[in-house]
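Q: structural data only, the sequence is not supplied:
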């Protein structure tokens with residue numbers, strides 16, 4: 001950064017409590033403005049979370065600053081214009097300081113102190129006076145710290161306050177430390193903010209002293225409680241995604257319970273407040289967020305009404321870019337659920353769930369980012385995340401499962417579970433989507449070295465190692481095995497219906513070369529494309545050769561002479577078609593075999609995390625459009641609409657997240673399976689990007705499933721594209737808005753094709 005830092009890092013000197021339950025401290029100092037101010041900038045950051053105050057007033061609406069990064073290498077600094085607040089004279093600058101991600105609980109292991117054991121704050125005020133002189137003031141040894149009424153704050157566990165202690169302070173000198181300034185950066189992403197408020201649909205008294213609040217929508221955020229009761233009233237709020245048979249909030253499905261954990265851990269998500277009895281007092285925790293639809297409120301004297309509770313939606317303040325509606329309401333509800341799932345998991349990083357882990361899993365984001373980029377502007381959001389992924393790349397090119405990557409997730413037993421195909425490949429596939437959507441060449445250039453190191457590792461593993469099972473079958477490697485990636489740990493097609501690993505050690509050691517080699521070919525081909533954009537012709541040729549080698553290895557190993565593909569699963573056939581792994585002469589057989597498998601499953605899908613986004617498109621592209629619609633509209637388990645029919649307002653991690661008996665399993669807010677809504681955008685409404693930045697796009701609606709009306713819009717870098725069609729009286733009418741600088745290829749259901757280069761609205765009609 002270009003800031004000339006003269007301030008000191010400061011910390012409270014407290015003896016902290018139990019990890020996950022540590023208090024929030026207030027740090028304050030006095031700054032004196034000795035001349036009229038023309039401009040004033042306040043730079044701030046922290047090891048932990050900070051919230052700024054100037055003369056007792058909150059400086060910004062930004063939340064959870066400075067954000068979640070690989071703190072050892074990248075710590076974000078926020079800059080605020082405070083000119084209007086600084087008149088000549090003394091002013092009090094303060095900051096609340098909490099653990100946050102820096103040393104609070106993170107990940108499924110609930111690990112703490114992952115980047116440090118002591119929180120710290122840094123701020124610098126730069127004043128430009130009317131007379132042209134400048135003054136620089138900042139944190140230093142004159143600052144003081146005190147405990148606060150916030151007795152505990154943790155992003156996973158929750159926040160606890162005693163309002164009777166508000167304003168009660170025991171000021172003590174801060175400690176200064178030399179933490180340096182070399183890691184300080186600005187963020188390309190929008191800040192996290194409170195972006196929406198929801199009024200509960202019901203508040204129900206389930207038993208004496210216990211109320212259950214239903215927001216009607218699963219969100220990431222917090223609750224604002226405006227009725228705290230008489231002084232000394234202790235109120236506990238437990239935030240959950242589902243209700244048990246008794247109508248109370250159930251939490252057991254949110255407890256981390258994995259084979260490598262000795263026992264299920266706490267679900268967290270519990271806030272608490274002791275009332276001071278002050279009329280108008282409000283409880284709204286700002287150093288934690290939760291994933292929830294329901295809140296159990298215990299200890300409130302009542303009556304508690306919907307007017308006393310507000311749901312506050314908190315996530316990165318992304319700019320909306322796309323929408324969809326049609327005349328089949330359940331599909332609109334599915335689209336809404338997928339959008340809300342992304343919103344709930346876009347809290348500074350793309351998380352897997354806003355509850356149990358809150359981790360920036362790479363596989364989840366690489367498969368969802370094409371959908372996300374249609375819905376929102378995710379360029380800066382993704383770049384911030386990619387920088388954290390790249391900066392901690394292992395020397396051998398391995399990449400973590402998530403970014404940022406807690407120490408506990410990349411050491412010990414869990415270390416071997418990094419570097420999975422489909423997860424590490426995000427390093428190339430995400431930047432490519434940013435280029436395709438935004439024309440972002442700068443990110444391609446910046447991330448390119450990490451792409452090279454990742455594929456160097458894949459190449460070494462494929463050419464130099466063999467899976468023990470393959471060695472036992474034939475000790476001498478066959479020629480194609482030079483490009484067969486069959487070693488290392490891979491998640492594979494995670495969470496296919498009924499695909500839970502029972503024997504975890506065996507799962508870790510299993511040969512998943514069908515998935516890994518497919519991604520080897522796919523990612524190497526993308527690396528070749530990236531190299532061509534960057535004018536690296538020699539490297540492009542290298543990756544074309546690697547991709548072709550992996551393609552040949554995959555076909556040799558998994559495609560029989562008659563075209564039958566093994567493993568003969570829905571997921572493998574979908575990936576084979578989506579990744580162009582099938583020889584042209586066998587593509588139709590592969591698609592037909594996929595259709596047969598779907599029918600054998602009772603017209604149900606059988607895909608997991610990685611291939612689900614491509615299931616409906618490959619069916620539609622190979623003559624099985626009707627089957628694609630049947631799967632989309634299937635309402636028995638497993639299916640998307642089973643989720644909706646069972647009350648989902650966000651997309652579940654598992655196809656059977658809520659079973660027919662009402663039992664709840666794992667997260668009910670995972671966006672990955674929600675990538676199906678790209679089918680609504682690209683096939684139902686018919687809007688598809690053909691060239692980067694939408695300079696050329698196709699409008700080709702494929703009606704079906706009883707839908708007679710659909711519309712979508714997307715704000716491209718060139719402007720708004722809008723598509724709306726309807727069938728009335730046997731006539732198909734299509735309206736298209738073409739932005740300047742783009743060309744639309746319009747294909748009507750009767751096969752009529754028209755190229756449109758003139759910007760503005762256009763209407764087309766034909767028989768359906």
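A: Perfect, I can see it now. In this text the structure is predicted, and so the values were computed from the model without any measurement.

Q: helix or strand next in line after the longest helix anywhere in the chain, which one?
A: In the chain, with assignment by DSSP state H, the single longest helix is helix 441-464. Of the helices and strands lying after helix 441-464 in sequence (DSSP states H and E), the nearest is helix 468-473.

Q: quick one: average pLDDT of that next one?
A: Averaged over helix 468-473, pLDDT sits at 95.

Q: which strands or helices does the longest helix of the chain pack on?
A: Counting contacts by 3 or more CB pairs under 8 Å, 6 or more residues apart in numbering; DSSP states H and E, helix 441-464 packs against helix 379-391, helix 426-438, helix 513-533, helix 537-558. C-beta: built from backbone N, CA, C; applies to glycine.

Q: tell me what angle that helix forms with helix 513-533.
A: 140 degrees (axes from the mean of the first three to the mean of the last three CA atoms, to 10 degrees).

Q: any buried residues in helix 441-464, and which?
A: By 16 or more other CB atoms under 10 Å, the buried positions in helix 441-464 come out as 443-444, 447-448, 450-455, 457-459, 461-463.

Q: how about low-confidence regions in the stretch 601-750 of the chain?
A: Scanning the stretch 601-750 of the chain for pLDDT under 70 picks out no residues.

Q: how close does residue 85 sit to residue 417?
A: 49 Å (CB to CB, to the nearest Å).

Q: likewise residue 600?
A: Here the criterion is CB to CB. By it, residue 600 lies 33 Å from residue 417.

Q: ok, residues contacting the helix or strand of the chain with the lowest mean pLDDT?
A: Lowest mean confidence among the helices and strands of the chain (mean pLDDT, DSSP states H and E): helix 504-509, at a mean of 88. By CB atoms under 8 Å, 6 or more residues apart in numbering, the residues outside helix 504-509 that reach it are 259-260, 416-417, 489, 501.

Q: what about 6 Å?
A: Residues from elsewhere that reach helix 504-509, judged by CB atoms under 6 Å, 6 or more residues apart in numbering: 259, 489, 501.

Q: by neighbours, which of these wins?
A: Among the contacts of helix 504-509, residue 489 has the most neighbours (other CB atoms under 10 Å), with 20 neighbours.

Q: got the contact list for that residue?
A: Here residue 489 is in contact with 416-417, 508 (CB under 6 Å, 6+ apart).

Q: name the nearest of these relative to residue 744.
A: residue 417 (45.6 Å; CB to CB).

Q: show the model's pLDDT score for residue 50.
A: On the pLDDT scale, residue 50 gets 98.

Q: quickly find the element holding the residue nearest to it when sequence neighbours are not counted.
A: The spatial neighbour of residue 50 that comes closest, neighbours along the chain excluded (CB to CB, 6 or more residues apart in numbering), is residue 95 at 4.7 Å. Using DSSP H and E, residue 95 sits in strand 89-98.

Q: run me through the strand neighbours of that strand, direction for each.
A: strand 25-33 (antiparallel), strand 49-54 (antiparallel) (DSSP bridges).

Q: so what are the domain limits for the protein?
A: Residue ranges for the domains of the chain, per automatic domain parsing: 9-189, 195-316, 325-686, 696-766.

Q: coming back round to it: and the helices and strands packed on helix 441-464: which comes nearest residue 218?
A: Nearest to residue 218, of the helices and strands packed on helix 441-464 and by CB to CB, is helix 379-391 at 20.9 Å.

Q: gap between the two ends of stretch 493-507?
A: Taking CA to CA, to the nearest Å, the first and last residues of stretch 493-507 lie 12 Å apart.

Q: identify each buried residue in it, please.
A: 493-497, 499, 507.

Q: cool, and stretch 204-213?
A: 210-213.

Q: how far out from the middle of the chain is stretch 26-41?
A: Centre-to-centre, stretch 26-41 and its host chain are 38 Å apart (CA atoms, centre = their mean, to the nearest Å).

Q: quick one: average pLDDT of that stretch?
A: 97.

Q: can you pull the buried residues of that stretch?
A: Neighbour-count burial for stretch 26-41 [16+ other CB under 10 Å]: 26-29, 31, 33, 37, 40.

Q: same question, stretch 525-545
A: Under 16+ other CB under 10 Å, the buried positions of stretch 525-545 are 525-531, 533, 536, 539-540, 542-544.

Q: got a list of contacts for that stretch?
A: Contacts of stretch 525-545 (CB under 6 Å, 6+ apart): 428, 432, 444-445, 451, 455, 524, 547.

Q: for that stretch, what is the average pLDDT?
A: Per-residue scores along stretch 525-545 average to 98.

Q: endpoint to endpoint, it covers what distance?
A: Where stretch 525-545 begins and where it ends lie 9 Å apart, using CA to CA.
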